[in-house]
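Visitor: Need coordinates for the following:
(one chain, ligands or ions: 1)
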Amino acid sequence: MNKEWEKEQQRVEFIQDVIDQKVVHLHENLGGLKGGIIELRKTFWEDVTVNLDEPDDVIETFTSLKQQAELLAERERTHGQSYRFLKQLDRLKNSPFFGRIDFHEDGEKSAECIYIGVASLMDVHDEEFLIYDWRAPISSLYYDYSPGPAEYNTPSGMIEGTMELKRQYIIKNGKIMGMFDTGVTIGDSLLQEVLGGTANTQMKSIVATIQREQNHIIRNEKSKILIVQGVAGSGKTSAALQRVAYLLYRYRNTLSSDNIMLFSPNPLFNSYVATVLPELGEENMEQTTYQQYLNTRLGSQFSVDDSFFQMEYTLTAMDEPGYDAKMNSIRYKAGLDFKKQIDRYVEELSSKGLIFKTISFRGETIVSAQDITKYFYSLDPSISIPNRMKLTSDWLLKEINKQEKLERSKEWVLNEAELLDKNDYLEAFQHMQKNHDEETFDDADREFQILAKSIVNKHFKKIRSAVKQNRFLNMKAVYKKLFTIKDPFTWPNGWEEICDETIKNLNANIMSYEDTTPYLYLQDQLEGRKSNTLIRHLFIDEAQDYSPFQFEFLKQLFPHCKMTILGDVNQAIYAHTVDAPSLLNLEPEGTEKIVLRRSYRSTKQIVDFTKGLISGGEMIEPFNRDGEKPILIEVNDTVALHGKIEECVHRLKEKGHETIAIICKTMKESQAAYDALKTSSPVRLMDKNANSYEKGIIILPAYLAKGIEFDAVIIYNASNEQYGREYERKLFYTACTRAMHELHLFSMGKRTFLMEEVSEDAYIQE
Ligand SMILES: Nc1ncnc2c1ncn2[C@@H]1O[C@H](COP(=O)(O)OP(=O)(O)OP(=O)(O)O)[C@@H](O)[C@H]1O
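Guide: Residues are numbered from 1 along each chain as shown. Predicted coordinates for the structure are as follows:
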């Protein structure tokens, strides 16, 4: 061990010692605080003077109560902080820092030695920083510069100087296992080490090796919309998550995890990334998928075909009648032309055409649909539709109240009253006592009145609540009418067929995925929807899969948000993305765009292969990590196919690969592969409901593998029969780019034409 190494090891031990001292001190404090809180809760009322006789006494009582409550809250806050600090120390203990920079600030006598870790640590006197949090302003030097002139931004301005040393460490259980002085990029050696490991079933944080261009994404504070176009495996998701951690640190007094939301591609991905932020000492933000959001909004009124259903259909139903019409429908409904069509329709509805539902009770009309229509259109047309809806709803509630009163004396109420059980009586009795203490329950008339009121009220509650939710508007009929327009704003291919298909589905209460966004958009235009003001940072991962319409819809829902949009145009796999403008190419005002070209996930050999699958692939730079070339095996029948795959899985396991994915094109193919392989190998099948994945061999369709990675990937059937359409290029590319260390392609029959541009040197054909 050389001297420098020894010195650094001593520093680790010194820091561990400081941590130990702090932990002991904190435990003492925490014990005292906890005891204090329990005591204070017990004696809370003893220390409060309660006297409500005179107005002055009431004020005094209130003040005394307030003081006592504040004292308790303060103690609880301090307790919470100490507890968090304790957890932070715990995280630092085994690996206190991962980086060091010696920075000589201009005008200073000597360089300062800055150690960087996952959290800050002060010395025992709380005077000097022993470790700087990776998110502190000075830590940006570590990510942005190599030794030489360097500068960093602080709230009070730019600090300039020279970086004299940049060092990286791998520390495990308090022992330095590796130490590298680095040059231009952050630790090729450290990155090699990190990326060479096995794939994880949970994503890891990358704070020790964040690359310069990723750092720009993480620390971007100015842009209203930040767009990241990054090639497969370039660290988009990683950067997004570290960015969340950075924002929570940078704005810790004003921003919390409740103000941040991430839209991710599927539930499996949600669980894959769920541990990154807690590992960094931050709480997770709200995570959802666009589909989950739509489902919550639509409730159970329709049977909703989700995006995965649509994907299966697009990839498997080519020979079914109506396929082309469906494709036209998917594409048209994803575009801004359709949004314009809806806007035009809404304008028209402002003066005529809204369809309402009759409100009735026990078969009798309370307010007819015609009367609602008449009332609505009698309102001043300069009032917006949502505001007129509100006025109509207020009017309806009054009408309903009138009817409610009339109902109380009807026969059905008497019948129902007779059937009431003891508890209902008791409830009514209590209610009467509370409100009319001079009366008694012997008063039979009064008793009936109260019971009748309560019975009718229970029934009318549902009606009132439905009216408050605007359910008197016949949304389904209004949306359906959109497809009876004979002269649409633009004439998409096959408009008549689109109309027929949509109306047929809606009549059967089926909501196709392509209809969900337009439907909810139209509903929001008519009913008005309060925009979400809680969320201040919205992250959209895998943004290439969102249609322009969906993006506009999201913008409208989160108008005050800053957005970070991350994706890869080459991984756009949904039917609506074909030939459609991508979000990632939009440049609305206030947008900044960052392009990531370097791929970290896969070995150089795998990247050299996958870049040949897409146009423009030559701009992808592989990270220099070596492995074996991808292997292609062509077979003639399923028996040979399964035999070869079994052999391959066996070999991969022997080599120590822990996560092996057999990726199929569709769920249908995945099911067939599973049925064929399950007896000979311990395989697991993952479907769209899977929300976590474990080590082992899994079979899944490519669209569910989005965003995640595996030690080894086996492409189940890369034949031209399976991947024979240009449209499937991006799906195939996405599947292949999930591999970290090994990629094996099997093909039943001739390999896919999508490999035509791949150099023969880039893979081995067996
Ligand atoms: N700076 C880095 N240091 C260490 N590992 C990194 C770094 N950047 C990316 N990686 C690793 O590269 C892999 C790919 O990262 P990530 O999943 O974030 O990429 P992505 O661009 O979202 O990929 P894709 O679009 O293909 O889903 C992950 O294993 C991640 O940990």
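
Visitor: how about the nearest residue to the residue in the stretch 451-600 of the chain that the ligand sits nearest to, chain neighbours excluded?
Guide: The stretch 451-600 of the chain approaches the ligand most closely through Tyr600 (3.7 Å), counting by C-beta to the nearest ligand atom. C-beta: built from backbone N, CA, C; applies to glycine. Residue nearest to Tyr600 in three dimensions, not counting chain neighbours: Phe623, with 4.9 Å by C-beta to C-beta, 6 or more residues apart in numbering.

Visitor: got the contact list for the residue of the stretch 651-766 of the chain found nearest the ligand?
Guide: Per C-beta to the nearest ligand atom, Gly707 is where the stretch 651-766 of the chain lies closest to the ligand, at 4.4 Å. Taking C-beta atoms under 8 Å, 6 or more residues apart in numbering as the criterion, Gly707 is in contact with Thr237, Ser264, Pro265, Asn266, Phe269, Tyr272, Asp541, Glu542.

Visitor: I'd guessed the third one sits against Lys706; true?
Guide: Spelled out, that is Pro265. Yes: contact criterion C-beta atoms under 8 Å: Pro265 and Lys706 qualify, at 4.6 Å.

Visitor: Those two: which is more packed in?
Guide: For Pro265 versus Lys706, the count of surrounding residues by other C-beta atoms under 10 Å is larger for Pro265: 25 against 20.

Visitor: residues contacting the more buried one?
Guide: Thr289, Asp541, Glu542, Asp545, Lys706, Gly707.

Visitor: could I get those as CSV with distance to Phe376, pLDDT and secondary structure?
Guide: Shown next, in CSV, are the contacts of Pro265 (distance: C-beta to C-beta, whole Å; pLDDT from 0 to 100; DSSP: H, G, I helix; E, B strand; the rest coil):
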residue, distance to Phe376, pLDDT, secondary structure
Thr289, 36, 91, strand
Asp541, 42, 93, coil
Glu542, 41, 92, coil
Asp545, 38, 91, helix
Lys706, 45, 88, coil
Gly707, 46, 89, coil
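
Visitor: Just give me the closest of those to Tyr323.
Guide: Ranked by distance to Tyr323 (C-beta to C-beta), those are led by Asp545 at 20.9 Å.

Visitor: Tally up the residues packed near that closest one, please.
Guide: 23.

Visitor: can I assume it is in contact with Ala572?
Guide: Yes: in this structure, Asp545 is within contact of Ala572 by C-beta under 8 Å, at 6.1 Å.

Visitor: Would you mind measuring from Arg100 to Arg212?
Guide: 18 Å (C-beta to C-beta, to the nearest Å).

Visitor: And these two? Which one has more around it.
Guide: A direct count of neighbours by other C-beta under 10 Å for Arg100 and Arg212 places Arg100 higher, at 20 against 14.

Visitor: anything in contact with each of Pro265 and Lys706?
Guide: With C-beta under 8 Å, 6+ apart as the test, Pro265 and Lys706 both reach Glu542.

Visitor: List the contacts of the nearest residue to Gln671 once chain neighbours are set aside.
Guide: Leaving aside its sequence neighbours, Gln671 sits nearest to Leu685 (C-beta to C-beta, 6+ apart; 6.9 Å). Counting by C-beta under 8 Å, 6+ apart, Leu685 touches Ser670, Gln671, Tyr674, Ile698, Ile699, Leu700.

Visitor: For Leu685, give the beta-bridge partners.
Guide: Ile699 (DSSP bridges).

Visitor: Please read off the pLDDT at it from the model.
Guide: pLDDT for Leu685: 95.

Visitor: do the same with Tyr142
Guide: At Tyr142, the pLDDT value in this model is 92.

Visitor: So it versus the ligand, what's the distance?
Guide: The gap separating Tyr142 from the ligand is 12 Å, by C-beta to the nearest ligand atom, to the nearest Å.

Visitor: part of a helix, is that residue?
Guide: Yes: under DSSP: H, G, I helix; E, B strand; the rest coil, Tyr142 sits within a helix.

Visitor: helices and strands around the host helix or strand of Glu347, which ones?
Guide: Following DSSP states H and E, one finds Glu347 within helix 336-349. If you count contacts as 3 or more C-beta pairs under 8 Å, 6 or more residues apart in numbering; DSSP states H and E, helix 336-349 packs onto helix 513-527, helix 548-557.

Visitor: Kindly compare burial across these and name the winner.
Guide: For these, the largest average neighbour count (mean count of other C-beta atoms under 10 Å) is found in helix 513-527, namely a mean of 21.
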